[in-house]
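Student: just a sequence and a predicted model for now, questions to come.
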Amino acid sequence: MASRAIAARQLALAASTTEVLDAMAGAGIRTIMLKGAAIAARLYDASELRLAGDVDLLVAPSQAGAAAHVLARLGFRDVLAGARRHERTAHAVTFRRSGRPPASVDLHTGLSLCHNDPDAVWAEFSASTATIDVAGRWVEVLADPAQAFVIAAHTIQHGGAPKQREDLDRALARYDLDTWERASAMAGRLDADGVFAAGLRLSQAGTRLADALALRDDSGSAEVRLRRAGAPAVSYGVMRLAQTRSIRQKVLLLLGELVPTRPAMLLTYPFAARGWAGLALAYVYRPFWLAVRLPRAVTAWRRARRSA
């Protein structure tokens, strides 16, 4: 029964993906699939199932607003609408649609940890694409060098989690040295050498490749170092606080961490969605939740800072 439910969810995801891509094309918006089926088609056999819970689409920054309107017309909503800036990610916006099964789209204008100009990211990726068949529809995806770069960056983003490590191991076994050299050159042009190298070095085979490519053993930014160490999520709040110079901004940041916006609370604590009582309970619970995690988070930040 579990395998049937998983298969049904993946079929539903494929159907919603086709629906979204058709709507984007109808609105004249070029979209590039970043992960999901794009990775599965390259690195997994037809008999193997690579689970995905959402679809990641890259659009030009100039078309991000139009793409958001298309998703809104399809019944999707920005799950962090109304959240504070630090509660959102700069590289993507998550849109969800309720239903059975629910559907989720991450609308990207960049990549996590790659803080280059979004226009530069789009120019780089949009010039390196291919097409694959997804549920009977031709879909534009990243070509192998760009996909290799994304896989390495995605691995460090998730701290070497099993699913991302599996993708990386398969990519290391499948792609040739020329592909990785071109991926490394792309990372250099996007000023993301440290991200690329850190992702590769989460794997033994990747470390050997990084050495062959003469990539520096550079742990990159503070956030990259935290992710490489598998630091807890609260560590990133500690990092932001440590990197904030103004006392006023530090106070505002602390208050924001203690009392997040309603959208951020709903995303962090599922029980907060159970009416106003659930939300109130989540706000009461929040300081205790932070207090339990804070010592480990501070320790992780200190280690990351020392490793710089």
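Tutor: In hand now; what should we look at? Numbering: from 1, shown residues only.
Student: tell me the domain boundaries of the protein?
Tutor: 1-142, 143-230, 232-306 (automatic domain parsing).
Student: deepest of these, which one?
Tutor: Each of the domains of the chain was scored by mean neighbour count; the highest is domain 143-230, a mean of 19, by mean count of other C-beta atoms under 10 Å. Where you see a C-beta, it was placed from the backbone N, CA and C, and this is true even at glycine.
Student: mind naming the longest helix for the chain?
Tutor: When the chain is parsed with DSSP state H, its longest helix is helix 275-306.
Student: follow-up on the earlier one: can I get the domains of the chain in CSV including mean pLDDT?
Tutor: Listed next are those as CSV, based on pLDDT from 0 to 100:
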stretch, mean pLDDT
domain 1-142, 88
domain 143-230, 91
domain 232-306, 94
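Student: residue ranges of the strands in this protein, please?
Tutor: 32-33, 55-58, 77-78, 92-97, 103-108, 129-134, 137-142 (DSSP state E).
Student: which elements pack onto the longest helix of the chain?
Tutor: helix 222-228, helix 234-243, helix 247-258, helix 262-268 (3 or more C-beta pairs under 8 Å, 6 or more residues apart in numbering; DSSP states H and E).
Student: ok, which of the ones you listed comes nearest residue 305?
Tutor: Evaluated over the helices and strands packed on helix 275-306, closeness to residue 305 peaks at helix 222-228, with 6.8 Å, by C-beta to C-beta.
Student: got a list of what the residue nearest to residue 256 when sequence neighbours are not counted touches?
Tutor: Distance criterion C-beta to C-beta, 6 or more residues apart in numbering; nearest residue to residue 256, sequence neighbours excluded, is residue 84 at 5.8 Å. Contacts for residue 84 (C-beta atoms under 8 Å, 6 or more residues apart in numbering) come out as 256, 260-261, 264.
Student: which one of the residues you listed is nearest residue 44?
Tutor: residue 264 (34.2 Å).
Student: residue 82 is in contact with the closest one, correct?
Tutor: No: in this structure residue 264 lies outside contact range of residue 82 using C-beta atoms under 8 Å: 9.2 Å.
Student: what sits against residue 276?
Tutor: By C-beta under 8 Å, 6+ apart, residue 276 has no neighbours at all.
Student: next one: it from residue 267, what distance?
Tutor: Separation of residue 276 from residue 267 (C-beta to C-beta, to the nearest Å) stands at 17 Å.
Student: which outside residues touch stretch 199-207?
Tutor: Contacts to stretch 199-207, defined as C-beta under 8 Å, 6+ apart, come from residues 151-156, 160, 165, 168-169, 172-173, 209-210, 215, 217, 228.
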